[in-house]
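Colleague: the following comprises the amino acid sequence and a computationally predicted model.
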Amino acid sequence: GDGGAGPTLSAAPGRAQVFATVVDTFLEKLVAAGSYQRFANCYRCFYKLQPQLTRSIYDQLISQLQASIKEEIQEVKNEGNLEGLFSSLDKIVEEAKDREEPAWRPSGIPEQDVRSAMVPYLLKHRSYLRRVLREKEEENRKVAESVLMGRDRIAELQQLIQAHKQAWQ
């Protein structure tokens, strides 16, 4: 073996790598479909007069076509952030390998699908809202106690003021 210095053969290529391979295969097949022989047959008269120039024109056409297609595909990859999306999809698939439960699949009955997707979320949200409600009720109880204590203190002070007022008079 290589002592673990390189990637293992069992490691599947990432989606970005598969996409690049598909693009390369497409370009190879495109060039094969537009062979020099076909090109020469389309421009037979010109080919008979100047075969070397015909070959040069064909080579330039193929070269520019490949470059243009690669550039266009690279623009699409950049605009759509395909590299990042492929990478994140690879991560999702890798994380999902360890899951024991199967992925969610639609049943074909919209109401049932919505219910199966929404009920766990709504139950979780309900328990969150109940917890927040309990916290707010406790907070309100403490504020109400504080207000009552403040009112009692105000009443005491009013009585004290009244007593001092009467004593002064």
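Modeller: Good, I have the coordinates. As the structure is a computational prediction, the values presented were derived from the model and not from experiment. Numbering: from 1, shown residues only.
Colleague: neighbours of Phe86, just the number please.
Modeller: With neighbours defined by other C-beta atoms under 10 Å, the count for Phe86 comes to 18. C-betas here are computed from N, CA, C, even on glycine.
Colleague: which strands and helices sit next to the strand or helix carrying it?
Modeller: Taking DSSP states H and E as the definition, Phe86 sits inside helix 82-96. Applying 3 or more C-beta pairs under 8 Å, 6 or more residues apart in numbering; DSSP states H and E, one finds that helix 82-96 contacts helix 15-33.
Colleague: quick revisit: after the helix holding Phe86 comes which helix or strand?
Modeller: helix 110-168.
Colleague: pLDDT of that following helix, averaged?
Modeller: Averaged across helix 110-168, pLDDT comes to 94.
Colleague: circling back: now do the helix holding Phe86 against helix 15-33, angle only.
Modeller: Interaxial angle, helix 82-96 versus helix 15-33 (axes from the mean of the first three to the mean of the last three C-alpha atoms, to 10 degrees): 130 degrees.
Colleague: so for helix 82-96, what gets flagged as buried?
Modeller: Of the residues in helix 82-96, those with enough neighbours to count as buried (16 or more other C-beta atoms under 10 Å) are Leu82, Phe86, Asp90.
Colleague: backbone phi and psi for Ile109, please?
Modeller: Backbone torsions for Ile109, taken as degrees, to the nearest 10, come to phi -110, psi 100.
Colleague: alright, I will stop here.
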